[in-house]
Structures are given as C-alpha cells and as structure tokens.
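# Structure, please.
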Amino acid sequence: GYPYKGLWKNGSDVVPGWTDWGGGIAQVVIDGGFNPVLFATKHMFSVGDNVTKVMSTHTVKAGFFYEWVNNKQPNHDHDNGRFIPATWAANDTGNAYSNMIMGVTSEYYEVNQSIILDEGYNVAEGFVQDSWKARPDLTLEFGMRLSHLGPWYGRNGVAMGVFDPARYSDKPDDLTKYTGIITNLVDSNIPTSGNQSRALVFGPRLGVAYSLRKNTVLRGGFGTYNYHDPQQADPLKNPPQTMASNLYNLNLKDVDLASPALAKVNANVVRLTDDKLPVTYNWNFTISQRLPRQTLLEASYVGNTSRNQLTGGIDLNAVPEGKVMLPIGQSVSSWDSYRPRQNYGSINESIHDDFSNYHSLQMLLARQTGRFTYSATYTFSKALGVRSGAGETGTNLGNTFQRRARQYGVLAFDRSHVFNIAYSYEIPELVHSNAFFKGLINGWQFTGITTFQSGIHLPSNVGNNFNMEVRGTLNGTEYTLGQEHVTGTNSVSLQPMLTCDPRQGLKDGYYLNGACFAPPQPGKNGVYQFPYLRGPGYSNHDIAIFKNFQLGKNEDRKLQLRFSANNFFNHPLSSFESNTNDPGLKLQFLDGKMINQEFGKPHAAFGRRIMQAAIKYMF
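So this is what the prediction gives:
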C-alpha cells in the first residue's frame with residue numbers, strides 16, 4: 001500500500017528502507033528491490049580431457065580445458081529509496097520513532113535503477129608434459145601450458161567503463177553529462193570488457209629428481225602459473241546507467257514532488273591499455289636424506305613471486321599531495337572541492353600493478369612405520385607484497401602516491417616461524433594371558449598434535465598508523481590534527497614518527513614501546529615502514545587416546561572408544577582485540593605527548609581446554 005513513486009519514478013513498488021543513526025529504532029535496510037530481479041544467477045560450462053602415452057623411457061601427457069563462466073546479480077542499490085528518520089532533521093518531531101511513522105527524514109537517498117550486473121569470461125587452455133627417465137638415477141620433467149584467459153566482459157546491455165581524459169570536460173554545465181567515462185554502449189571501439197587481454201600466455205614447467213647416493217635424493221623445479229582475475233563488477237555500474245541522488249530535510253510524501261539532486265559521483269573503471277594477466281613464478285629445491293630407523297630428513301628452499309596482481313583501485317582524481325595545507329584549527333569541509341577534475345569524486349581505476357614475494361626454508365623430519373610414528377616440520381619464511389590488495393587491512397597509505405615505497409612490506413598473513421609436530425604411539429602389549437584383560441588393555445593408541453607460531457606483523461593487520469589520534473590546544477581551543485595539516489590530501493594517512501626501535505625497552509606484558517612513537521608535525525608526516533613489530537605468538541596442544549575392539553567371529557565389526565582434549569594444558573593465549581576496540585592498538589597524543597599508557601599491551605585472552613569422549617560402532 002505504499003502510495004509514492006519516488007524520485008526517479010522507476011516503477012519500484014517496494015517500500016523504502018530506513019537507517020537510523022542513534023535514534024533508538026531498528027535499522028531495516030531493503031536494497032535492490034525487485035527491479036527487475038533480486039537474486040543472483042550463475043552459470044558455468046566446462047569441458048576437458050587428458051591423454052597419456054608411455055614411449056620407452058618417456059611418459060607423455062597432453063590435454064585441454066575450456067570454461068565459460070557467467071555471473072548475473074543485481075546492483076543491490078536503493079532503487080526503492082532509503083530514508084534516515086534522525087532527530088536532527090529540520091522538521092524533527094522530537095522522537096526518531098515518531099519521525100519514522102510520520103515520514104520525517106533528515107536524508108533521503110535513491111538510485112534510478114538497480115541494474116543487473118551481467119558479466120562473463122572464457123578460458124581455453126592446452127598442455128603437454130614429458131616425464132623422461134633419462135637414467136635409473138635421473139628423472140627430468142618438461143612441460144608447457146598455453147592459456148587464453150579472457151577478461152570479464154559485460155553482457156545484455158552493460159559494459160565495463162574506462163576513463164579517457166581527452167573526453168573529459170570540466171565545465172560545470174557538463175556535471176550530469178559524465179564526460180570522460182566511456183563504455184561500449186557509447187563507443188563501439190571500446191570492448192565490453194573495457195580492455196583486451198593477451199590472446200595467449202605461456203606457462204613452462206621444469207623439474208628434476210636425481211639420486212645422488214643410495215639414500216640421498218635431490219629434487220627441484222620451476223613453474224609459471226597464469227590465472228584469471230577474481231570477479232569485479234563495479235566498473236559495470238557507472239553513470240549515466242546508474243545515477244544516485246540525496247535529498248535532505250523533507251517528508252516522504254514530498255519526495256514525488258522533488259527533482260533528483262544530482263551531485264558529483266564516484267566512478268570505478270578499468271584501463272583500456274591494460275592487457276596484463278596475473279602470474280605466479282614458483283621454484284623449489286629439496287634435499288632428501290634417508291636416516292637410520294626408517295627416518296626421513298628433508299630440507300627445502302621454496303619461493304615464489306607474483307606479478308600483475310589486480311589493485312584495489314588507483315584514484316585518478318585524488319587530491320594531489322600537499323594541495324590543501326591549512327593552519328591548525330581550520331578544517332576541510334569537502335575534499336571534492338580540491339580534486340583535479342571537479343565534475344567527479346574519486347575515479348578508481350583497477351589495473352594489474354600489484355606484486356608479492358615469498359621465500360622460505362622448510363624442514364621435515366618424519367618416521368611413518370613402526371609402533372611410534374611422527375612428523376615434525378619447521379618453516380622459516382617471509383611474505384612481502386603491496387599491502388593494498390584484497391585481504392589486507394589497514395589505513396590507506398596512498399594508493400596513488402609512491403605506492404611501492406609506502407605500501408610494499410610484510411603481508412598480513414606472514415608468520416616468520418611455524419613449528420608443527422604430529423605423533424602417534426601404539427602402546428605395546430602389557431597382558432598376554434587373560435583374554436578379557438588382553439582385549440581391554442592392549443592395543444590403545446596415543447596421538448597428539450603440537451603447534452607453535454610466531455606472532456603477526458601488527459601494522460599490516462590493525463592499521464599502519466595504529467588508529468592514531470593527535471590532539472592539542474591552540475590559543476585555549478582544542479584541535480585535532482588532520483590530513484589537511486600534514487599530508488595535504490585525504491588519500492594519504494597520517495603516520496607516526498619513530499624516535500627509537502619500538503621492540504626495545506619493553507615493559508612486562510607489552511609488545512610495543514609507546515615511548516618510541518611521536519606525532520607527525522604540520523607539513524611533515526611520519527614513517528610508512530616499521531620494523532617487524534610482532535604481536536603475541538600462538539601455541540596449541542591436542543591429544544587423544546583411542547582403541548578399536550574387533551567384534552564378531554570374523555571380526556567384521558568394530559567398536560571404537562576415543563578420548564580427546566584440545567588445548568590440553570588449558571593455556572590461555574594473550575591477544576589484541578579488534579583494531580578499534582583494544583586500547584593497546586591506539587596511538588593517542590595530546591600536545592605532542594603519548595598519553596595512552598596501555599598502548600602495546602594486549603587486553604584479551606582466548607583458548608580453553610575442550611575434552612570429548614566418543615563411542616563409534618562400525619559394521
């Protein structure tokens with residue numbers, strides 16, 4: 001029974017959603033509507049085959065693979081509208097709930113249409129590989145994979161957008177013409193994918209295994225692995241296909257009488273000339289030594305480097321660094337006013353420009369036969385990369401400015417040291433005569449897993465500036481130091497200065513020395529790269545004991561009793577909370593002095609012993 005047609009008169013018959021900011025009523029977000037469909041539809045077709053031929057000392061394999069993937073999902077934006085019944089509305093009734101009932105809004109938002117983001121890609125690959133037993137003690141591997149990895153392309157009336165500076169107009173009258181953003185719908189010379197990928201990429205493989213002595217084997221290999229980009233739908237929904245409007249301080253009944261207030265929009269595009277594809281180069285070298293008592297010792301160097309990774313977006317319209325340098329006490333009302341292209345907000349361009357590297361020493365000691373078996377592994381490694389891609393947390397270090405110098409560093413998932421041991425011991429026969437006690441006592445098996453890991457690199461996981469807050473007083477008035485006082489752009493975060501090594505001079509229970517941090521100064525930002533600042537390490541111990549009882553004349557049934565304990569020692573592990581809630585991860589300065597004495601100290605602990613008993617009957 002909702003009687004209104006909305007700003008764009010787009011035919012949506014769904015009531016608006018509402019979002020309340022602290023007014024004490026529920027938040028109901030209804031987005032996407034049913035115009036034309038709410039649910040996503042995904043299709044995938046693939047076909048492939050492999051053949052193998054043995055010819056003397058050669059084993060040759062060849063094969064092909066084809067895949068077509070299609071993803072259709074709605075834009076999930078508010079073509080039905082969204083209003084905020086806040087108590088700061090100009091016509092506020094005094095209560096947020098009564099505002100909602102009476103349709104009193106502080107803000108109303110609506111898009112013209114929630115389009116279907118229909119996109120797909122094609123992959124066609126073929127390979128050939130030869131395993132050659134050159135000598136009894138030498139095996140060589142050669143292979144080549146040829147791949148066509150087609151880009152994501154728009155279908156059924158949508159297309160990826162690109163930005164062409166030559167077609168952009170900065171005239172105020174051209175604000176709603178959205179100049180510079182070009183798609184295949186406007187120019188048929190632009191592919192529906194926005195860019196063209198390479199027709200063919202090559203993936204060579206090399207491998208060798210050489211028996212140096214009777215109990216010593218050398219192995220090594222190298223491979224190039226090309227792969228497809230993850231889904232990116234944002235470049236499909238640029239104006240003028242999708243347009244948004246915000247109106248303020250009106251009643252819902254007046255929305256039908258209003259005209260959409262078009263404003264600067266943010267755009268997401270791809271680069272027309274970007275034909276790169278993600279690729280990873282893997283290599284490894286292993287020495288395997290057979291030791292007495294059927295024990296194996298291995299030492300390996302394993303590494304890889306990834307190139308042409310898809311960025312999170314380079315802002316082509318970022319406020320230039322140093323553009324806005326205001327005196328302390330003044331602030332920026334709108335950063336959009338200082339962008340080079342005044343008719344847009346941000347213009348985020350996705351390109352293949354990120355990279356990462358991994359290097360490791362991996363050790364293995366294992367014995368897999370006998371009453372006592374075990375496997376012990378140790379890895380010493382370092383994972384480095386550009387810390388702005390998917391999966392990385394933290395503040396914006398400046399995607400557009402000096403990205404490699406500022407953002408290349410330790411990745412969030414890096415663990416310098418990892419040690420694992422898994423073991424199993426079958427208790428020997430203790431009873432030999434009495435059949436009942438022999439079945440009850442003999443044959444129990446004891447197993448366990450123990451893990452130790454060094455702590456994470458804190459800046460990569462909780463924000464590279466540790467949620468820094470810099471306050472002070474000037475002429476008796478309190479101020480907060482902002483980007484407009486230090487970096488001159490909202491695209492570069494404020495960074496703390498270092499006066500000493502934060503890993504030194506630690507108090508008991510602390511992982512960071514807050515005295516080593518100092519606030520940035522007007523016009524002079526802090527550091528972007530820190531020493532390796534580890535958080536608390538991780539350890540865990542799980543054990544279990546079990547026994548199988550054979551039943552039946554032919555022992556074709558089995559009853560198993562098992563008792564296990566996770567975190568057997570019931571040892572709690574100290575931990576920081578989320579990067580916004582834990583005072584141990586918040587740098588706070590007042591008048592140039594560090595005032596948070598809890599900084600660097602974890603305020604949480606987790607881990608508890610869990611014991612379990614189980615009975616399993618198998619027949």
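# use CA for all of it now, contacts and neighbours both
OK.
# Export only the CA atoms of stretch 327-335, formatted as PDB.
These are the backbone C-alpha positions of stretch 327-335, laid out as PDB (Å, rounded to 0.1, in the frame of the first residue of the first chain):
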ATOM      1  CA  PRO A 327      46.700  26.200   9.500                       C
ATOM      2  CA  ILE A 328      45.900  24.200  12.700                       C
ATOM      3  CA  GLY A 329      42.400  25.000  13.800                       C
ATOM      4  CA  GLN A 330      40.900  25.100  10.300                       C
ATOM      5  CA  SER A 331      39.400  22.000   8.600                       C
ATOM      6  CA  VAL A 332      38.300  20.900   5.100                       C
ATOM      7  CA  SER A 333      34.500  21.000   4.500                       C
ATOM      8  CA  SER A 334      34.700  18.900   1.300                       C
ATOM      9  CA  TRP A 335      37.800  17.300  -0.200                       C
END
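# how far does that stretch sit from the chain's center?
When distances are taken as CA atoms, centre = their mean, to the nearest Å, stretch 327-335 is centred 33 Å away from the chain's centroid.
# residues of it that come out buried?
Neighbour-count burial for stretch 327-335 flags 328-329, 331-332 (criterion: 16 or more other CA atoms under 10 Å).
# Now pLDDT, secondary structure and distance to Phe549 too, for the residues you listed, in a markdown table please.
Formatted as a markdown table, these follow (pLDDT from 0 to 100; DSSP: H, G, I helix; E, B strand; the rest coil; distance: CA to CA, whole Å):
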| residue | pLDDT | secondary structure | distance to Phe549 |
| --- | --- | --- | --- |
| Ile328 | 92 | coil | 78 |
| Gly329 | 87 | coil | 79 |
| Ser331 | 91 | coil | 76 |
| Val332 | 92 | coil | 76 |
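# Just give the number of residues close to Ala614.
By other CA atoms under 10 Å, 10 other residues sit near Ala614.
# is it true that it lies in a strand?
Yes. Assignment of Ala614 by DSSP: H, G, I helix; E, B strand; the rest coil places it within a strand.
# Got the confidence number for it?
Ala614 is assigned a predicted lDDT (pLDDT) of 96.
# if I read this right, it contacts Phe563, doesn't it?
Yes. If you go by CA atoms under 8 Å, Ala614 and Phe563 touch, sitting 6.5 Å apart.
# which non-adjacent residue is nearest Leu236?
Nearest non-adjacent residue to Leu236, counting by CA to CA, 6 or more residues apart in numbering: Met160, 4.7 Å away.
# same question, Gly345
Excluding its sequence neighbours, the residue lying closest to Gly345 (CA to CA, 6+ apart) is Asn266, at 4.7 Å.
# and what of Thr473?
Tyr479 (5.9 Å).
# show me the residues around the residue nearest to Gly345 that make contact.
344-348 (CA atoms under 8 Å, 6 or more residues apart in numbering).
# Which strand residues bridge the residue nearest to Thr473?
Gly472 (DSSP bridges).
# Hmm, it is touching His485, no?
No. In this structure, Tyr479 is not within contact of His485 by CA under 8 Å, at 11.2 Å.
# Need the overlap of contacts for those two.
Counting by CA under 8 Å, 6+ apart, the residues touching both Tyr479 and His485 are Ile328.
# who's more crowded, the two?
His485 (26 against 17).
# Moving C-terminal from the helix or strand where the more buried one lies, which element do we reach first?
Under the criterion of DSSP states H and E, His485 resides in helix 483-486. Once the chain leaves helix 483-486, the next helix or strand it forms, by DSSP H and E, is strand 497-498.
# Identify the residues contacting that next one?
The contact list for strand 497-498 (CA under 8 Å, 6+ apart) reads 516-520, 525-527.
# Show the buried residues in the residues you listed.
Using 16+ other CA under 10 Å as the burial test, the contacts of strand 497-498 include 516-520, 525-526 as buried.
# farthest pair in these?
Greatest spacing in the buried ones among the contacts of strand 497-498, by CA to CA: Cys516 and Asn525 (15.6 Å).
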